[in-house]
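> Quick one, what's the 3D model for this:
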Amino acid sequence: MIVCVCKSVSDRTIRSSIAEGVDSFDELQFELGVAMCCGKCADSVRDVMMQSGVCASRCGLDHHTQAMPMTFYERKAA
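Model (predicted):
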């Protein structure tokens, strides 16, 4: 599913980057451009990071007390 509509970045792309060693939100922003335009995807990107096991140290959030729902945005044809 598309997580960042502005840059057309999917959750698979984010997970792939994490598997290749990207382990912080800042690195994902630099590598993929997520949350750089409108910023609406920042929470969803962090959710994908949390599900991938890297949030505990480097997703930019201090502590999750409960699972946060993911929000995905769909692209609409012009």
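
> Enumerate every residue touching Met36.
Going by Cβ atoms under 8 Å, 6 or more residues apart in numbering, Met36 touches Cys6, Lys7, Gln29. (Each C-beta comes from the backbone N, C-alpha and C, glycine too.)

> Just the pLDDT at it, thanks.
The score at Met36 is 92. That number is its pLDDT.

> Then the one 4 residues further on?
In the predicted model, Lys40 carries a pLDDT score of 93.

> Quick check: phi and psi at it.
Backbone torsions of Lys40, given as degrees, to the nearest 10, read phi -70, psi -20.

> What about Glu31, how many residues nearby?
14 (other Cβ atoms under 10 Å).

> mean confidence score for stretch 1-9?
93.

> Now do the contacts for the nearest residue to Ile18 once chain neighbours are set aside.
Distances taken as Cβ to Cβ, 6 or more residues apart in numbering place Ser52 nearest to Ile18, at 4.8 Å, with adjacent residues excluded. Contact partners of Ser52, counting by Cβ under 8 Å, 6+ apart, are Ile14, Arg15, Ile18.
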